[in-house]
Every structure is written in C-alpha cells, then in structure tokens.
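Visitor: kindly return the folded structure for what I paste below:
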Amino acid sequence: MKMRPGSQTGFLLCGKEWIDGDALEVRSPWDQGLVGRVTVATRADARQAVSHAVASLRRTRALPRWKRREILEDVAAALIEQKERFAQLIVAEAGKPVRLARAEVDRAVLTFKTAAEEAARLGGESLPLDLTEGNEGRWGLVQRFPVGPVLAITPFNFPLNLVAHKVAPAMAAGCPVIVKPSPQTPFTALALGEVIVKAGWPEEALAVLPLSNTDTAWLAEKEDRIKLVSFTGSATVGWELKAHSGRKRVLLELGGNAALIVHSDWPDLEEAALRTAYAAFSYAGQSCISVQRVFVERSVFQTFLWKVVEHAAKMTAANATDETAEMGPLIRLSDAERVESWIKEALESGAKLVAGGERNGAVVTPTILTGTTSGMKVRDEEIFGPVLVIEPYDDFEDALAAVNHSRYGLQAGLLTRDAARILTAYRELEVGALIVGDTPTWRLDPMPYGGVKDSGLGREGIRAAIDEMTEPRMLVMGGLA
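Guide: Okay, the predicted model is just below:
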C-alpha cells in the first residue's frame, strides 16, 4: 500500500485495497499540509468484514502454533526492514518527532516478537479426575481457544505500536481481527495491515477500516458476531461503549492523570528532574502515562522545581522531521485551545504559572504550574498536553492521598530508597502499576498494562491480552479402559 502526499488510499479488506467511497483528508498536525486521503469504509463494508472474520475463525483457530509464531516473526522482520518507512508515516500523520517515531517502530518490533514467543507457549494443563471412587481412568485437559472475531479501536498517539498491541495478541491467540484506526492516523495502520497479510496471515482474517464514529459504535454495540472489543481512547467514549456492548467482552485502556512522588531521600534530583521534564513534555504530553502531577517533599521542593524548569526550557517545539525535536504540536488546534483554556482557568482560580503557558497555533510551550488545588482541571482531569503540576508535601501519607485523589488510576511513579514507604505505596496507591525509581511514564511492552477506576478495564501487554482474547475449554476423558 503506497502512499504519496495528497493521494487517496483505500481501506484494507480481504487483503485488497478498496478505494471507492467517500474520502477523508488527513492533515499534518504541524502545518496542516495534506498528508493524503483515505477512503472511509461504510457500514456495509464493516458488515462484510465481520462476515469474513466469522468465516475465517475455523482457519485461524486451526493454525498450528509454529505457523502463528512464524507469521508474527515475519511481521517483526518486515518492520525492521521498513523501519524508516513506518517512522516517516508516523511523523507525517501524527506529528511525532522522528526520533520518537523510530523508537515506536522498535517497540512494535518487540511487541510482535513477544507475541511470537507467546504463541509458541500458549498451552494448557492436565487435571487428575480420579479423585473419587468410580472415576478411575478419568482425566481432564484444559486448553485455551480463541474467543472469536476481535474489534480493535485504536488512538492517534501511538499509531503503530498500539495497533500492534491489539493485533499481535489476537494473531497469537488465533482470533480474526478488524482494526478501526484513529481518523488522524489511518495510514500507519493500513501499512501494517499490508505487512501482516504479506507475512501469511489469512487475508479474510484481517481488515483495516477507517469508519465514522457512528458506524464504529454500531459495529461495537450491535454486531453480535464480534466477540471482543478492545478500545484505547477517552474514558467518556470507552465507558459509553462498554455500557452498550451487551455480552461482548470489552477491554478498555483509557485515560490517566499520572502522578510522581519525589521523597527527600532520593539521591539524584538532577536526573530525576531531567526524567520528569522529558516524561511530561515529550511529544507534547500526548500519552496517557505522561507525567501530569508531581508531589515533592517540601525540604527539596524548590530545588526540584527549578531543576525541572531548567530542563523544560531546553525542550522547544520543532518540526517533527528535525532530528533534534523532542516535542511538537498537539494533534489538533482544538486540543491546543483546550489546554490553553485549562491553564487560564487554573490561573484565574489562584494557581501560579512558573514557566510556559503560551500557545502558537497547535503548539503549547512546556507549562509548569504550582499552587493548584482540587477542582482545577489541570490537576483533576487528563490534560493530554504539555502541562505539569508540581506541589510540595509534608507527610508521605498526604502525598499518597493526593495521588489517589483522582478518578484515574493508570500508573504512578515513586522516587524513594525507603523499603517501608515503597511497600506502603504499593499497598495504598490505586493504580494499575507503581514504577519505583522512575517516572510513571516508563513502560515495557510485554508487561501487563492497564488501570483501575476510570482508567480502564482489563489488561494489555501480550500475555495478558492473549488471556483476554482466549477462553478455557475443558475436555474430560473417561470410559476408555
């Protein structure tokens, strides 16, 4: 699937590119230049994709583990070979700095390699059933089987790796999969679909369909032949989808309001400040585990605050093609305007602007606030932009309570060397993962990933996702003696 600037690309169905239909323009977040046009699939196309997925289930379920592993390994190899192609696609449609785009391709390679390994390990267990008199000779076998067709709804901010996190475990599990990519970033998903089909995955078992929100909701909520919906996006949309999905399994990886606690016993505040600035402002903070809140013990608060300010000042926006760029524009002008309005609202309510706070088009300068209170959107909601709140604390228990004072609970970070504090935080913090010794933005793709409260339901990460996409089935043997 070749994309030329300004050209129209079709959706992917049964291994073929379908170009007939209405076109959606995709524009660069940086300069609003036309990246290309993509054909919008219709509800009829979606229904056809589901029919093909249902028909292909028998084939994908029967694929031997060695074959699933081979296909996944071939996808990983193709991504390595085409690394620059995929990186440039991500740069063009997501506005992600090119160094970060290349890093995302590397992460996707690891995702597919891990899925290949897990496909080979996907097994079961044997159970003794001769536990009561009269059951001599009985034994049981439990294995996991694919649940059926999977609908994967993916966001713009990681247009390759977050698609991979849904498609790769589905393939390892033997599930046909229909991908609905973000309308801001369809080309990367379409290119990945092309690679997967060329690697040998059954053509009818994969579709990549840019769909309208209305038709996506219909597919997720009304099409009963879909057995599992995996959604990454906003909490509002995700929980609404869950409420109307009936008996389908639903996996939700939603928003976050990631917090970091910095205690005075941490030995290297300089490195901590550098990591914090990068975790808050890289890619303009457009990650669900971007650091948004930092609580610092008062004795080191001023030192840490100004070190973060110093590092943030070095992170200026540049064109995503610039090899030195670390941050750029927000994905849409409307998002930058929203971020600006939240900053102004906080300042009007008594917050103090320490650095940044300026907007030029879709670019918002790295912004640091203090003096915030509960009730301010910059502190309570997911801002998904380059804004960082830093506040002092006197008592460690108060810091834990401040972290928990959020409707989100994805990941949190903790910088302390005290084992008792670490264990207390691990027990008390209402998050899916606690990252000790680093910011909450740290993630390794094979680990179980997900949150609590409004941050989601279920877990991603290859092994965890495979478990969600399969179901145990019992075989009882007896009477053969």
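Visitor: residues contacting the host helix or strand of E93, please?
Guide: Taking DSSP states H and E as the criterion, E93 maps to helix 83-94. Residues outside helix 83-94 that contact it (C-beta atoms under 8 Å, 6 or more residues apart in numbering): 3, 26, 28-29, 35, 79, 96-98, 101-102, 104-106, 108, 156-157, 159-160, 184-188, 191-192, 320-321, 331. Where you see a C-beta, it was placed from the backbone N, CA and C, and this is true even at glycine.
Visitor: which among these count as buried?
Guide: 3, 26, 28-29, 35, 79, 96-98, 101-102, 104-105, 108, 156-157, 159-160, 184-188, 191-192, 320, 331 (16 or more other C-beta atoms under 10 Å).
Visitor: which residue packs closest to D418, ignoring adjacent ones?
Guide: For D418, ignoring the flanking residues on the chain, the nearest one in space by C-beta to C-beta, 6 or more residues apart in numbering is D265 at 6.1 Å.
Visitor: helices - which of the contacts of helix 83-94 land there?
Guide: Using DSSP state H, the subset of those located in helices is 79, 98, 101-102, 104-106, 108, 186-188, 191-192.
Visitor: got CSV for those residues, with distance to A205 and pLDDT too?
Guide: Listed next are the ones in helices among the contacts of helix 83-94 as CSV, based on distance: C-beta to C-beta, whole Å; pLDDT from 0 to 100:
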residue, distance to A205, pLDDT
L79, 19, 98
V98, 33, 95
A101, 28, 97
R102, 29, 97
E104, 25, 98
V105, 24, 98
D106, 26, 98
A108, 20, 98
P186, 20, 97
F187, 22, 97
T188, 20, 97
A191, 18, 97
L192, 15, 98
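Visitor: and for the spatially most central residue of the chain, nearest residue in space, chain neighbours not counted?
Guide: Among the residues of the chain, the one closest to the centroid is L162, at 4.8 Å (C-alpha atoms, centre = their mean). Counting by C-beta to C-beta, 6+ apart, L162 lies nearest to T154, which is 5.2 Å off, once chain neighbours are set aside.
Visitor: and what of A317?
Guide: Closest to A317 by C-beta to C-beta, 6+ apart is V363, at 4.6 Å.
Visitor: I'd assumed M315 was in contact with the one you found.
Guide: No. Using C-beta atoms under 8 Å as the test, V363 is too far from M315 to be in contact (11.8 Å).
Visitor: ok so, going back, will you turn the ones in helices among the contacts of helix 83-94 into TSV that also has distance to L260?
Guide: As requested, those are exported to TSV (distance: C-beta to C-beta, whole Å):
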residue	distance to L260
L79	32
V98	27
A101	26
R102	26
E104	23
V105	28
D106	25
A108	27
P186	34
F187	34
T188	30
A191	35
L192	33
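Visitor: farthest-apart pair in the residues you listed, please.
Guide: Greatest spacing in the ones in helices among the contacts of helix 83-94, by C-beta to C-beta: D106 and P186 (22.0 Å).
Visitor: could you check how many residues crowd around G124?
Guide: G124: 15 surrounding residues under other C-beta atoms under 10 Å.
Visitor: distance of it from A312?
Guide: G124 sits at a distance of 51 Å from A312 (criterion: C-beta to C-beta, to the nearest Å).
Visitor: go on, G437?
Guide: Applying C-beta to C-beta, the value for G437 to A312 is 22 Å.
Visitor: so the two - more neighbours on which side?
Guide: Shown here are G437 and A312; by other C-beta under 10 Å, A312 has more neighbours (26 against 13).
Visitor: excluding chain neighbours, what is closest to the more buried one?
Guide: P366 (4.2 Å).
Visitor: pretty sure the one you found is touching R359, no?
Guide: No. Shown here, P366 and R359 do not form a contact pair, counting by C-beta under 8 Å, at 12.0 Å.
Visitor: of the two, which one has the most company?
Guide: P366 (29 against 19).
Visitor: so what's the more buried one up against?
Guide: P366 makes contacts with 277, 280-281, 312-313, 315, 327, 355-356, 386, 388, as judged by C-beta under 8 Å, 6+ apart.
Visitor: do that again at 6 Å, thanks
Guide: Contact partners of P366, counting by C-beta atoms under 6 Å, 6 or more residues apart in numbering, are 281, 312, 315, 356, 386.
Visitor: among these, who's most crowded?
Guide: F281 (30 neighbours).
Visitor: just the pLDDT at it, thanks.
Guide: For F281, the pLDDT comes out at 97.
Visitor: what is the neighbour count of R69?
Guide: Using other C-beta under 10 Å, R69 has 22 other residues around it.
Visitor: how much space separates it from K166?
Guide: R69 is 18 Å from K166, where distance means C-beta to C-beta.
Visitor: and K377, by the same measure?
Guide: Going from K377 to K166 by C-beta to C-beta gives 30 Å.
Visitor: more crowded one of those two?
Guide: Each of K377 and K166 has its neighbours counted (other C-beta under 10 Å); K166 has more, 26 against 18.
Visitor: contacting residues around the more buried one?
Guide: Neighbour list for K166: 152, 230 [criterion: C-beta under 6 Å, 6+ apart].
Visitor: which SSE is it in?
Guide: Using DSSP H and E, K166 falls within helix 161-173.
Visitor: now do that helix, average pLDDT.
Guide: Throughout helix 161-173, pLDDT has a mean value of 98.
Visitor: off-centre distance for it?
Guide: 12 Å (C-alpha atoms, centre = their mean, to the nearest Å).
Visitor: ok, stretch 426-437 next?
Guide: Distance, centroid of stretch 426-437 to centroid of chain: 19 Å (C-alpha atoms, centre = their mean).
Visitor: and the end-to-end length of that stretch?
Guide: Chord length of stretch 426-437, first to last residue, is 13 Å (C-alpha to C-alpha, to the nearest Å).
Visitor: which residues sit against that stretch?
Guide: By C-beta under 6 Å, 6+ apart, stretch 426-437 touches 400, 403-404, 409-414, 422, 442, 450-452.
Visitor: which of those count as buried?
Guide: Buried among these by 16+ other C-beta under 10 Å: 400, 403, 409-414, 422, 442, 450-451.
Visitor: quick one: the residue nearest to M469 when sequence neighbours are not counted from L63, how far?
Guide: The shortest distance from M469 to any non-neighbouring residue, by C-beta to C-beta, 6+ apart, is to A173 (4.3 Å). A173 is 10 Å from L63, where distance means C-beta to C-beta.
Visitor: ditto for T416
Guide: Distance, T416 to L63, using C-beta to C-beta: 48 Å.
Visitor: and if you look at E348?
Guide: 59 Å.
Visitor: so which of these two has more stuff around it?
Guide: Counted by other C-beta under 10 Å, E348 and L63 do not tie: L63 has more neighbours, with 20 against 9.
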